[in-house]
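1. coordinates only, sequence not included:
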């Protein structure tokens, strides 16, 4: 997949295109429905497929007090979009200039002049342009004038209760520690990516050395607790290292037993692997299931007993997950 970071980066001869526009936070099932429709539309044509998105949530500029935490970092989003099989992503910098651009000007500059779009796909809640004045109807009117078709792709909803799949819903699930249901909406395990850094080394002292992620790790950190999951090694460039994947018991929180960790941290104990040196390396931690909440124990002995049980339960969960049960 080609990554364009400004419309001026798009070659003049790139296109014609079919494009999907959205925030794509999480690249969840609803987003993939939009992208898959784009791929189908382009399958029997010479149209190039392009996802048009932003380097941050527009609310972070327009109304920062209402801006939620992102489900994925920018590099995660780009990587996830690349996995869908599209030809390119246009990652626009959302700043005050873009926020103030009139909707009609955005259409002419980006959709028509930049991408030579013949088809434009958007979700039902799509708004754009200064003050959110642009909507699907405006796109359709301009499409009739400027020669592109517009399709509003229906929401993906839960069969259980009809609720629309959204980034908001996924955040609610992760805040409750329900990584299993969040995974169903995402179409993948929720994950956090970061560099392994030195911690207090207390896990090593207790017999369970952990890989501690840096505080600036990308991804949405779920509720405090202990999780079963996978630790995946990545290259220095941030891409996956094929086949390097370890089962892990993962702790999220501030270690209330010792009460000496100020910031919430994500740390993973790699199961059945000794002598593994991950310091300074980039890893991805996938969260498969929550084993328990985070509690303070009365003494180190009880904590170690619980950690042993956590590892047993995590191993069991991952064996079942790997077998598809």
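-> Nice, I can see it. Because the structure is predicted, anything quoted here is derived from the model rather than measured.
2. what residues go with each domain of the protein?
-> 2-153, 190-323 (automatic domain parsing).
3. out of these, which comes closest to residue 168?
-> domain 2-153 (7.2 Å; Cβ to Cβ). Every residue, glycine included, has its C-beta placed from N, CA and C.
4. for the closest one, how far is the first residue from the last?
-> Terminal residues of domain 2-153 lie 24 Å apart, using Cα to Cα, to the nearest Å.
5. Let me see the mean pLDDT of that domain.
-> The average pLDDT within domain 2-153 is 96.
6. For it, what is the distance to the chain centroid?
-> Its chain's C-alpha centre and that of domain 2-153 lie 17 Å apart, by Cα atoms, centre = their mean, to the nearest Å.
7. For stretch 100-113, buried residues please.
-> 101, 103, 106-107, 110-112 (16 or more other Cβ atoms under 10 Å).
8. Would you mind putting those residues into JSON lines with secondary structure alongside?
-> Shown next, in JSON lines, are those (DSSP: H, G, I helix; E, B strand; the rest coil):
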{"residue": "101", "secondary structure": "coil"}
{"residue": "103", "secondary structure": "helix"}
{"residue": "106", "secondary structure": "helix"}
{"residue": "107", "secondary structure": "helix"}
{"residue": "110", "secondary structure": "helix"}
{"residue": "111", "secondary structure": "helix"}
{"residue": "112", "secondary structure": "helix"}
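9. Mind putting the domains of the chain into JSON lines with distance to residue 160?
-> JSON lines is the format used below for those (distance: least, Cβ to Cβ, whole Å):
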{"stretch": "domain 2-153", "distance to residue 160": "14"}
{"stretch": "domain 190-323", "distance to residue 160": "19"}
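10. For residue 162, find the nearest of those domains.
-> domain 2-153 (13.6 Å).
11. Could you pull up phi and psi at the closest residue to residue 84 other than its chain neighbours?
-> Distances taken as Cβ to Cβ, 6 or more residues apart in numbering put residue 35 closest to residue 84, at 5.0 Å, once the chain neighbours are dropped. Backbone geometry at residue 35, expressed as degrees, to the nearest 10, gives phi -70, psi -40.
12. Could you verify my assumption that residue 35 touches residue 50?
-> No: taking contacts as Cβ atoms under 8 Å, residue 35 lies outside contact range of residue 50: 10.4 Å.
13. So between the two, which is more surrounded?
-> residue 50 (27 against 21; other Cβ atoms under 10 Å).
14. Could you say which helix or strand holds the more buried one?
-> Residue 50 is part of strand 48-54, with elements assigned from DSSP states H and E.
15. Who are the packing partners of that strand?
-> If contacts are counted by 3 or more Cβ pairs under 8 Å, 6 or more residues apart in numbering; DSSP states H and E, strand 48-54 sits against strand 17-21, helix 29-43, helix 74-83, strand 88-92.
16. Endpoints of stretch 14-24, how far apart?
-> Start-to-end span of stretch 14-24 (Cα to Cα) is 23 Å.
17. With stretch 276-284 instead?
-> Terminal residues of stretch 276-284 lie 15 Å apart, using Cα to Cα.
18. For residue 60, see how far away residue 23 is.
-> 11 Å (Cβ to Cβ, to the nearest Å).
19. before we move on, what about residue 151?
-> Taking Cβ to Cβ, one finds residue 151 at 28 Å from residue 60.
20. Looking at those two, which one has more neighbours?
-> Each of residue 151 and residue 60 has its neighbours counted (other Cβ under 10 Å); residue 151 has more, 19 against 15.
21. before we move on, which element is the more buried one in?
-> strand 149-153.
22. for residue 174, same thing?
-> helix 167-175.
23. List the buried residues for that helix?
-> 167, 169-171, 173-174.
24. Which one of the residues you listed is nearest to residue 161?
-> Nearest to residue 161 among these, with distances taken as Cβ to Cβ, is residue 169, at 10.7 Å.
25. Just give the number of residues close to residue 291.
-> When neighbours are counted by other Cβ under 10 Å, residue 291 comes out with 22.
26. Likewise for residue 86?
-> Neighbours of residue 86 (other Cβ under 10 Å): 22.
27. my read: residue 193 touches residue 214, true?
-> No: if you go by Cβ under 8 Å, residue 193 and residue 214 don't touch, sitting 10.0 Å apart.
28. the more surrounded of those two?
-> residue 193 (21 against 13).
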